[in-house]
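> I'd like to go over a predicted model; first the sequence, then the structure.
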Amino acid sequence: MDQPLNFSRRHLIAALVAAPLTSCRDAAPPKPKVKPNPNQAPDHPSGLVELIKLDPTIRLDIRYATTNNFTGQQLYNQARAFLVRPAADALGRAHRAAQDQGFGLTIYDAYRPWRVTKALWDATPPGPKRNYVANPKRGSKHNRGCAVDLTLHRLADGKRVDMPSGYDEFTLRAHRNFTGASAEALKHRDLLERVMEAEGFRGVSNEWWHFDFAGWQDYPVLDVPFEALGAKP
């Protein structure tokens, strides 16, 4: 798709308000079986860890806490990023590996409450555009605290590096096999993929910024709002 998704403000707000109250078949997050994880040491009963508490040098640019995202709407009340403990620890190691090469990680999105996924789905008309929005009947890896959207910044000046496309740009430029970008942008994309995959993350084919953590199936879909995950740092 060559254009950003366009959502009606009225429809999106209505969906956000109605999501926790609706009684339709997919109105509650799915509840998959979860294997016990004896090594998990959560900061919160949900198992989610706040990334900048784990490593304050990780940078945030939480787009869904602003209107600078493909919906044009603010979907989060707070600009925060969480992952389950094993994924958070792995991300910290990837961040340190990037630092060794003069870069750091900037997070666009991580754990996403299920109600936001449902609101996005409800506000997207049936058709091809829904290929870019997770189906709430299954829940998403973001809902499990096992997916992260991110990029690199330079340690020398703090500036975001060039990548083949913008974040949430649903075009061929965002695909991992796209070769039409500058050599520098392709180098940055490959570096991000290397440091993330070395720590158990796997990218998706059509979004260079998105990585899923191995073992995501073992974690439940969550619908805990950021405000319930402890005080903001």
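Okay, I see it.

> the closest residue to residue 219 other than its chain neighbours: neighbour count?
Leaving aside its chain neighbours, residue 219 sits nearest to residue 144 (4.2 Å; criterion: C-beta to C-beta, 6 or more residues apart in numbering). The C-beta positions use only the backbone N, C-alpha and C, and glycine is treated the same way. Residue 144 is flanked by 29 other residues according to other C-beta atoms under 10 Å.

> and residue 144, which of the three is it?
coil (DSSP: H, G, I helix; E, B strand; the rest coil).

> equivalent analysis for the one 5 residues further on, please.
At residue 149 the chain is in strand, as set by three-state DSSP.

> tell me how far it lies from residue 196.
11 Å (C-beta to C-beta, to the nearest Å).

> follow-up on the earlier one: for the residue nearest to residue 219, list the residues it contacts.
84, 216, 219-222 (C-beta atoms under 8 Å, 6 or more residues apart in numbering).

> what subset of those residues is buried?
Among the contacts of residue 144, the ones that count as buried by 16 or more other C-beta atoms under 10 Å are 84, 216, 219-222.

> for the closest residue to residue 106 other than its chain neighbours, the count of nearby residues, please.
Distance criterion C-beta to C-beta, 6+ apart; nearest residue to residue 106, sequence neighbours excluded, is residue 59 at 4.4 Å. Neighbouring residues of residue 59 were enumerated by other C-beta under 10 Å; the total is 19.

> residue 59 reaches residue 103, doesn't it?
No: in this structure, residue 59 is not within contact of residue 103 by C-beta atoms under 8 Å, at 10.9 Å.

> quickly list what's touching both of residue 149 and residue 196.
residue 211.

> tell me the contacts of the residue nearest to residue 224 when sequence neighbours are not counted?
Of all residues not flanking residue 224 in the chain, residue 46 sits nearest, at 5.1 Å (C-beta to C-beta, 6+ apart). Contact analysis of residue 46 by C-beta under 8 Å, 6+ apart lists 145, 222, 224, 229.

> among the residues you listed, which are located in strands?
Using DSSP state E, no member of the contacts of residue 46 sits in strands.

> next, format those residues as JSON lines and append pLDDT and distance to residue 179.
Formatted as JSON lines, the contacts of residue 46 follow (pLDDT from 0 to 100; distance: C-beta to C-beta, whole Å):
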{"residue": "145", "pLDDT": "97", "distance to residue 179": "33"}
{"residue": "222", "pLDDT": "94", "distance to residue 179": "37"}
{"residue": "224", "pLDDT": "93", "distance to residue 179": "40"}
{"residue": "229", "pLDDT": "92", "distance to residue 179": "40"}
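
> any chance of those in JSON lines with distance to residue 66 as columns?
Output for those, formatted as JSON lines (distance: C-beta to C-beta, whole Å):
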{"residue": "145", "distance to residue 66": "21"}
{"residue": "222", "distance to residue 66": "22"}
{"residue": "224", "distance to residue 66": "21"}
{"residue": "229", "distance to residue 66": "19"}
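
> out of those residues, who has the most neighbours?
residue 145 (29 neighbours).

> alright, calling it a day.
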